[in-house]
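coordinates only, sequence not included:
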Ligand SMILES: CC(=O)N[C@H]1[C@@H](OP(=O)(O)OP(=O)(O)OC[C@H]2O[C@@H](n3ccc(=O)[nH]c3=O)[C@H](O)[C@@H]2O)O[C@H](CO)[C@@H](O)[C@@H]1O
């Protein structure tokens with residue numbers, strides 16, 4: 001089986017593509033080619049993952065009409081030509097797109113060449129590229145049931161996000177050991193996404209007043225860029241003994257497996273990981289993302305009782321520690337939220353996507 005993967009820009013599009021590729025290598029000895037751009041993060045991440053990589057040159061559409069868009073259309077057509085050449089050479093049985101603008105010409109070219117295609121959407125509100133490609137793709141896999149109204153139901157399959165599959169084997173004891181916290185002690189993890197969040201760091205000093213009364217350890221992840229500054233601000237206050245400030249968590253699945261409650265943004269991979277493990281959360285969607293797309297993600301978990309949502313404009317240290325304390329102090333509420341999170345989790349997402357693709361290739 002030969003599969004082309006495409007998707008890029010942020011990790012949120014790349015990691016699901018790699019997870020699908022790995023599953024297909026395992027299930028069907030698939031041979032993989034990843035088509036991305038030189039500028040996206042995929043140019044570094046994909047070769048590091050040991051997957052063959054080719055680049056095409058393409059940029060995204062501006063949301064407003066502009067001369068740049070005319071150039072983008074010309075570049076799209078050039079991208080389609082280059083993608084067709086790569087596809088004719090590699091001869092894939094199917095092409096998988098996981099969003100980000102590089103998918104556009106690749107999946108479009110595949111459909112014009114009669115190669116079966118599947119696109120995967122990570123967020124509740126589909127991105128521009130997947131909306132465009134939904135007309136051409138043979139299958140549309142979604143992470144959230146709430147995405148269904150955006151797509152043709154005959155092509156739709158609700159698989160979840162394949163990143164969920166990867167956290168299941170996480171070793172909880174190793175999570176405790178890596179943080180230097182006694183096993184079994186409740187942990188509240190506060191993490192503002194892979195690069196940290198300024199608003200989270202600014203809220204931290206306001207949390208300190210009530211922190212020593214919290215019956216849990218607070219692990220606060222600053223993000224690499226904010227670490228020195230945040231540590232500096234804390235030095236002036238006497239930091240409580242149950243506060244652990246770190247720049248980044250390299251073993252996130254293990255730490256999530258040890259967490260009692262997580263406070264984080266509402267990026268799709270994070271939510272897939274939390275629900276796969278059944279971890280309760282307070283979600284503070286980033287207001288700085290395209291179309292505010294994290295808010296509908298957060299709402300999907302909040303409506304199911306798996307999480308509480310807090311808007312960034314409501315975020316102060318005092319308000320956040322108050323909400324954390326109310327949840328951590330109520331074991332029944334924690335259990336209800338954890339059960340609701342687990343009920344939403346789709347840890348079999350990787351295997352289901354692999355089955356969909358194998359069926360797609362068989363029906364060719
Ligand atoms: C800022 C931004 O545009 N984010 C978007 C990006 O997600 P992006 O990949 O940036 O963010 P996600 O929340 O989806 O994933 C973050 C990943 O980083 C890991 N992590 C984080 C912190 C840390 O210290 N260690 C660590 O390993 C998390 O476990 C998770 O696996 O694409 C997603 C899918 O389209 C969108 O839903 C997000 O809105």
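Yep, that arrived. The structure displayed is predicted, hence computed values, not measured ones.

For the host helix or strand of residue 256, list every residue counted as buried.
Assessed by DSSP states H and E, residue 256 sits inside helix 252-258. Neighbour counts using 16 or more other Cβ atoms under 10 Å place 252, 253, 254, 255, 256, 257, 258 of helix 252-258 among the buried residues. From N, CA and C alone the C-beta is placed, and that goes for glycine too.

what do you get for stretch 186-201?
Buried residues in stretch 186-201 (16+ other Cβ under 10 Å): 186-194, 196-201.

With stretch 345-362 instead?
Applying 16+ other Cβ under 10 Å to stretch 345-362 flags 345-350, 352-358, 360-361 as buried.

hmm, which two among those residues are most spread apart?
345 and 361 (27.7 Å; Cβ to Cβ).

thinking again about what came up before, just the ones in helices from the buried residues of stretch 345-362, please.
By the criterion of DSSP state H, membership of the buried residues of stretch 345-362 in helices covers 349, 350, 352, 353, 354, 355, 356, 357, 358, 360, 361.

From those, pick the one nearest residue 96.
Distance to residue 96 across these (Cβ to Cβ) is lowest for residue 357, with 6.8 Å.

Next, give phi and psi for the closest residue to residue 357 other than its chain neighbours.
In space, and not counting its chain neighbours, residue 357 is closest to residue 94: 5.6 Å by Cβ to Cβ, 6 or more residues apart in numbering. For residue 94, the backbone dihedrals (degrees, to the nearest 10) come out as phi -160, psi 160.

Up against the ligand, what does the stretch 201-350 of the chain have?
Within the stretch 201-350 of the chain, the residues that sit near the ligand (Cβ under 6 Å from any ligand atom) are 221, 248-249, 252, 265, 267-270, 273, 286, 289, 294.

Turn these into TSV, columns for secondary structure.
What follows is those, written out as TSV (DSSP: H, G, I helix; E, B strand; the rest coil):
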residue	secondary structure
221	strand
248	coil
249	coil
252	helix
265	coil
267	coil
268	helix
269	helix
270	helix
273	helix
286	coil
289	coil
294	helix
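
and of these, the nearest to residue 41?
Distances from residue 41 to those, taken by Cβ to Cβ, are shortest for residue 269, at 13.3 Å.

who touches that closest one in this structure?
Contacts here follow Cβ atoms under 8 Å, 6 or more residues apart in numbering; on that basis residue 269 touches 11, 12, 15, 16, 122, 161, 163.

Tell me the residue of the stretch 251-364 of the chain that sits nearest the ligand?
Of all residues in the stretch 251-364 of the chain, the one sitting closest to the ligand is residue 267 (2.1 Å; Cβ to the nearest ligand atom).

Kindly state the pLDDT recorded for that residue?
Per-residue pLDDT puts residue 267 at 97.

domain ranges for the chain?
The chain resolves into domains spanning 2-163+347-362, 169-344 when parsed by automatic domain parsing.

low-confidence ranges in the stretch 151-300 of the chain?
237 (pLDDT under 70).

Strands of that one, residue ranges please.
In the stretch 151-300 of the chain, the strands defined using DSSP state E, counting those that start in this stretch lie at 156-158, 187-191, 217-221, 243-246, 261-264, 281-283.

Switch those over to CSV; also include distance to residue 71.
Below are these laid out as CSV (distance: least, Cβ to Cβ, whole Å):
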stretch, distance to residue 71
strand 156-158, 34
strand 187-191, 38
strand 217-221, 40
strand 243-246, 43
strand 261-264, 37
strand 281-283, 38
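
re earlier: tell me the most buried of the domains of the chain?
Most buried of these by mean neighbour count (mean count of other Cβ atoms under 10 Å) is domain 2-163+347-362; its value is a mean of 20.

can you give me the end-to-end distance of it?
12 Å (Cα to Cα, to the nearest Å).

Distance from that domain to the middle of the chain?
Computed by Cα atoms, centre = their mean, to the nearest Å, the chain-centroid distance of domain 2-163+347-362 equals 15 Å.

quick one: which of the ones in helices among the buried residues of stretch 345-362 is nearest to residue 130?
Closest to residue 130, out of all of these and judged by Cβ to Cβ, is residue 353, at 15.0 Å.

List the contacts of the closest one.
Neighbouring residues of residue 353 by Cβ under 8 Å, 6+ apart: 20, 23, 118, 120, 141, 159, 162.

mind checking pLDDT for it?
Reported pLDDT for residue 353: 97.

Against which helices or strands is the longest helix along the chain packed?
Longest helix of the chain, by residue count under DSSP H: helix 67-90. Packing partners of helix 67-90 (3 or more Cβ pairs under 8 Å, 6 or more residues apart in numbering; DSSP states H and E): strand 2-6, strand 31-36, helix 103-112.

Let me have the ones you listed in JSON lines, extended by mean pLDDT.
Below are the helices and strands packed on helix 67-90 laid out as JSON lines (pLDDT from 0 to 100):
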{"stretch": "strand 2-6", "mean pLDDT": "98"}
{"stretch": "strand 31-36", "mean pLDDT": "98"}
{"stretch": "helix 103-112", "mean pLDDT": "97"}
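
Distance to residue 100 added to the ones in helices among the buried residues of stretch 345-362, as CSV?
As requested, those are exported to CSV (distance: Cβ to Cβ, whole Å):
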residue, distance to residue 100
349, 19
350, 20
352, 22
353, 17
354, 21
355, 24
356, 20
357, 19
358, 25
360, 21
361, 24
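
Of these, just say which sits nearest to residue 49.
Nearest to residue 49 among those: residue 350, at 14.7 Å, using Cβ to Cβ.

so which pair among the buried residues of helix 252-258 is furthest apart in space?
Pairwise distances among those were taken by Cβ to Cβ; the largest, 10.8 Å, belongs to 252 and 258.
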